[in-house]
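K.L.:
Model the structure of this input:
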Amino acid sequence: MDKAALRRALIEERLNLPDRLHRADLLQQVMRIWLVNRPDTVIGAYWPIKGEFDPLPALHRWKEDGELLDEPQLRRIGLPVVNKQHKTLTFHAWYPGCPMEEDAYGIPKPKDTEVIVPTLLFVPCVGYAPGGYRLGYGGGFYDRTLATLQPKPFTVGLGFTNGYLDEFEPESWDAPLDAILNDNGVVWPV
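P.N.:
Coordinates of the predicted model:
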């Protein structure tokens, strides 16, 4: 399997989905329902690129919902910041309107906000497969980061239904995600 070609094809297909905005609305709903009653108060996510699903509106709503509880909860959202030397990620506090700057790859990141450690981490999926395996962009940032985070966060892949790969051979270093959500609902575990 030529993973580079597969990535290009899936990204191209995702960018050209005629109903991508509708699918994004559906996945927002799935994500919001899935988050109900989760114990987490610090969630890591990502800034969407290349037609990816944007998790930030659902997470901002989750953060606000925590403030409305009978016993209000301080909930935090973190976005990744690349460590170029180690090729890993740290998560810095994000909120709507916080100062942003581009990282080494041209992706927006929080500027000068504190490092936070997520207990739940939403990761983008170019593709995903049975067993909770994810096809990313090939840089290995999430794999290296997850290998070092202690305690290891609960990991959830987010993607559209077109990213499902029936025949996918994970590499020896690929760690399965704990859950995968798409615009139809929960894909993994089933």
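K.L.:
Contact partners for F168?
P.N.:
Applying Cβ atoms under 8 Å, 6 or more residues apart in numbering to F168 gives the contacts M1, G127, A129, P130, Y133, L135. C-betas here are computed from N, CA, C, even on glycine.
K.L.:
report the longest helix in this structure, please.
P.N.:
helix 20-35 (DSSP state H).
K.L.:
Run through who's touching the helix or strand following that one.
P.N.:
Using DSSP states H and E, the helix or strand that follows helix 20-35 in sequence is strand 42-44. Strand 42-44 has contacts (Cβ under 8 Å, 6+ apart) with 59, 62, 75-80, 91, 116-122, 153.
K.L.:
Quick one, which of those are buried?
P.N.:
59, 62, 75-80, 91, 116, 118-122, 153 (16 or more other Cβ atoms under 10 Å).
K.L.:
What about those residues, which are in strands?
P.N.:
In strands, defined here by DSSP state E, the members of the buried ones among the contacts of strand 42-44 are R76, I77, G78, L79, P80, F91, I116, L120, L121, F122.
K.L.:
Using TSV, please lay out those together with pLDDT.
P.N.:
Output for those, formatted as TSV (pLDDT from 0 to 100):
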residue	pLDDT
R76	97
I77	98
G78	97
L79	97
P80	95
F91	95
I116	96
L120	98
L121	97
F122	98
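K.L.:
between the residues you listed, which is closest to H22?
P.N.:
Within these, the smallest distance to H22 is 20.4 Å, found for F122 (Cβ to Cβ).
K.L.:
what sits opposite M100 in the beta ladder?
P.N.:
The residues listed as beta-bridge partners of M100 by DSSP bridges are P110.
K.L.:
how about it, what does it touch?
P.N.:
Contacts of M100 by Cβ under 8 Å, 6+ apart are P108, K109, P110, K111.
K.L.:
Which PyMOL command selects the buried ones in those residues?
P.N.:
Those of the contacts of M100 that count as buried under 16+ other Cβ under 10 Å are selected in PyMOL with:
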select buried, resi 109+110
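K.L.:
pLDDT on stretch 25-43, on average?
P.N.:
Mean per-residue pLDDT for stretch 25-43: 96.
K.L.:
and the end-to-end length of it?
P.N.:
20 Å (Cα to Cα, to the nearest Å).
K.L.:
Can you give me the distance of the residue sitting nearest the centre point of the chain to R38?
P.N.:
Note on the chain: the residue nearest the mean C-alpha position is V123, at 2.3 Å, using Cα atoms, centre = their mean. Between V123 and R38 the computed distance is 16 Å (Cβ to Cβ, to the nearest Å).
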